[in-house]
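Chemist: kindly return the folded structure for what I paste below:
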Amino acid sequence: MAMEDTSERQPRQSPDEFGALYERLRRRAAGAGGGRGALATLTPDTVRAAAAEVRSGRTVTLASPVETEPTPDNPRPAGHRLTSPPEVTADGTGLHFATDHFSMDVHGDADSHLDALCHVVYNGTLHGGVPAATVTADGATALSVELARNGIVGRGVLLDIPRLREVPWLEPGDHVSADDLVAAERSQQVRVGEGDLLLVRVGHRRRRNETGPWDAARTRAGLHPTAMEFLAERRVAALGSDSNNDTAPSPTEGVGFPVHVLGVHALGLHLLDYLQFEDLVPLCEQEGRWSFLCVVAPLRLPAATGSPVNPIAIL
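Modeler: Numbers count the residues shown, from 1 in each chain. Sure thing, here's the model as predicted:
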């Protein structure tokens, strides 16, 4: 399908500008997480405070359905087969079980997933200077998704950028700036604070639902790298989006996924990619608020670089 070229609207970022931004964020986060990265901001106090967000008791998924058919943005879809279809007797008597086998390319461009802190290798290290050699063919021995084994539970805040701009979605190649995030806070009468799970809607899933899949690895909307200073200043616990979080093409010369580098590697943020907020938005509009209790429970995969997830918002 033909797509609008928005690359000229992206403020380009030189390697020197990116390097200076990376160092600022890395220094801000240095030693603050005690090996847990930004999850250290999720304390018993912040979880108790987040529980107070539950008022109506309505729950809604933030995950996209897992897909098993190839599409332009998902050429290696999840595999699913019944390993033991029930062989029910003619009279329907007796006990039988149906069993399944699943497989998934976790870090694809369609399925909802969590990026662990070992997912991003930059200049030979992981977050906090952990050697990249800790990630081997047998798995990660440090900073794996096991860090989040007790769940990521806190106050979720959804900032809806298409709503702010009065459009159904941001076009592929467009980006979200720090000014957009501040303006969305003002428009939605909410403020992102320490320990929050910041969720940024760009409308990727709605566009995909209405116009069909496209090669999202080549072009998609996301955050501009400079927006990550907003997250550092507010000391958020995690970042999620209905896209990959990174804009494509990258606005940073020589760095393909600058938001991943700044978020995961510099700030120690677990990233949630390819969520969907189309079920959540109408509930937020009905209740007149954009914050809620959010529960993210990755699978216990002790050596994995990520996990499929089904985050739940509780209003």
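Chemist: helices along the chain, start to end?
Modeler: 15-29, 44-51, 161-165, 178-188, 204-211, 228-234, 258-260, 280-287 (DSSP state H).
Chemist: in the second one, what's buried?
Modeler: Of the residues in helix 44-51, those scored as buried under the neighbour-count criterion (16 or more other C-beta atoms under 10 Å) are 46, 50. From N, CA and C alone the C-beta is placed, and that goes for glycine too.
Chemist: pairing partners for the spatially most central residue of the chain in the sheet, please.
Modeler: Averaging the C-alpha coordinates of the chain gives a centre point, and the residue nearest to it by C-alpha atoms, centre = their mean is residue 272 (1.7 Å). According to DSSP bridges, residue 114, residue 240 are recorded as the beta-bridge partners of residue 272.
Chemist: check contacts around it.
Modeler: The contact partners of residue 272, by C-beta atoms under 8 Å, 6 or more residues apart in numbering, come to 112-115, 199, 238-241, 296, 309, 311.
Chemist: do the same with residue 310
Modeler: If a contact means C-beta under 8 Å, 6+ apart, then residue 310 has 61-63, 112, 297 as its contacts.
Chemist: number of nearby residues for residue 129?
Modeler: Per other C-beta atoms under 10 Å, the neighbour tally for residue 129 reads 9.
Chemist: picking up where we left off before, for residue 131, which of the helices of the chain is the nearest?
Modeler: Evaluated over the helices of the chain, closeness to residue 131 peaks at helix 15-29, with 16.2 Å, by C-beta to C-beta.
Chemist: so where's this structure uncertain?
Modeler: Scanning the chain for pLDDT under 70 picks out the ranges 1-10, 88-92.
Chemist: so residue 46 makes contact with residue 195?
Modeler: Yes: using C-beta atoms under 8 Å as the test, residue 46 is close enough to residue 195 to be in contact (3.9 Å).
Chemist: between those two, which contacts overlap?
Modeler: Common contacts of residue 46 and residue 195 (C-beta under 8 Å, 6+ apart): 154-155, 237.
Chemist: about what we covered before: if I look at the residue nearest to the centre of the chain, how far off is residue 291?
Modeler: Relative to residue 291, residue 272 is positioned 17 Å away (criterion: C-beta to C-beta, to the nearest Å).
Chemist: just residue 228 next, same as before
Modeler: Spatial separation of residue 228 from residue 291 under the definition C-beta to C-beta is 21 Å.
Chemist: and what of residue 168?
Modeler: With the distance defined as C-beta to C-beta, residue 168 ends up 23 Å from residue 291.
Chemist: of those two, who's got more company?
Modeler: Taking neighbours as other C-beta under 10 Å, residue 168 and residue 291 compare with residue 291 leading, 22 against 11.
Chemist: for the more buried one, which non-adjacent residue is spatially closest?
Modeler: Leaving aside its chain neighbours, residue 291 sits nearest to residue 157 (5.0 Å; criterion: C-beta to C-beta, 6 or more residues apart in numbering).
Chemist: can you count the residues close to the spatially closest residue to residue 122 that is not a sequence neighbour?
Modeler: By the measure of C-beta to C-beta, 6+ apart, the closest residue to residue 122 outside its immediate chain neighbours is residue 265, 4.6 Å from it. Each residue near residue 265 was counted by other C-beta under 10 Å, and the total is 25.
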